[in-house]
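A.B. asks: Output the structure for:
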Amino acid sequence: MHLHISAQLRARKQLIREFRKNLIPNVLSGFTDLNRKADSIEADYYRKIGSMPAGEDEVDMSEVADDARDYADHWLEIMKNLKQSLINLLAIGLFHQLEQHLTTLSEDVQFHNPVNDSKIDIVSKWFKQTLEISFEEMDNWNLIEELRLVANTVKHGNGSSAHKLFEQNSNLFNHPDPVLQGLLSTREYTMSPLSGEDLYITEAILDSYCQAVENFIEGIASTIEFRKT
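C.D. replies: Next comes the predicted model:
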């Protein structure tokens, strides 16, 4: 009766895979080789000032070099924050895709009790009551729960989700710069994760979340097939 549900789940798993393999790399492609680009910006700045006609006051090129470095460093900081902001936003999108994919299944014509709210805890109750599938017993549930806390923390900043996330995985709050990491690693709150600050989801971590979502969906599909054979 429910076997075609597993086929729908796998189709939605494929959407998550495309999100991971195509959308994410394309979105982040403009942020490759940032250090090299910063060096190029520094050199262009120095060359531009150095090629200006001499005025009455002699230009100290050592000061120009310092200004060029500061200019490039400022650009680099902005770009790193923008990249981090995008990764954090992609984590939100990933989690809500999972919620919506699972919610849509309850609207299948064979069911008469569709979910009226896409929140994961409500969807989980529906799967438990209707298909006798417990999300908490599925592989990768811990990562799914972590992703939920990440999504809420990015959206709302400081709050209960941020505190729970810090308790579960405080490394996510460590600044990638080792110098700043020691200064900020003990902070138990977030201020501006949407600005690329205070919460540092790496590309590798985002990829692990994507794979966890894929495996989670596959686990549900496999469970349905196993029980119906």
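
A.B. asks: Check which element follows the helix or strand of the chain with the lowest mean pLDDT along the chain.
C.D. replies: Counting by mean pLDDT, DSSP states H and E, the weakest-scoring helix or strand in the chain turns out to be helix 178-184, with a mean of 60. As assigned by DSSP states H and E, the chain's next helix or strand after helix 178-184 is helix 203-227.

A.B. asks: pLDDT averaged over that following helix - what is it?
C.D. replies: The predicted model gives helix 203-227 an average pLDDT of 94.

A.B. asks: Can you show me the helices along this protein?
C.D. replies: Along the chain, the stretches classed as helices by DSSP state H are 3-18, 24-28, 34-50, 61-105, 120-131, 141-156, 160-168, 178-184, 203-227.

A.B. asks: Could you list the low-pLDDT ranges of the chain?
C.D. replies: Confidence mapping of the chain against pLDDT under 70 gives the ranges 1-3, 54-57, 109, 179-190, 228-229.

A.B. asks: Determine which residue lies closest to the centroid of it.
C.D. replies: For the chain, the residue nearest the mean C-alpha position is residue 91 (2.8 Å; Cα atoms, centre = their mean).

A.B. asks: and residue 84, how far is that from residue 69?
C.D. replies: As judged by Cβ to Cβ, to the nearest Å, residue 84 and residue 69 stand 22 Å apart. No exception for glycine: its C-beta is placed from N, CA and C like everyone else's.

A.B. asks: for residue 98, that is, sorry about that
C.D. replies: Distance check for residue 98 against residue 69: by Cβ to Cβ, it reads 44 Å.

A.B. asks: So if I had to pick from the two, which one is more boxed in?
C.D. replies: Set side by side, residue 98 and residue 69 show more neighbours around residue 98, with 25 against 15, by other Cβ atoms under 10 Å.
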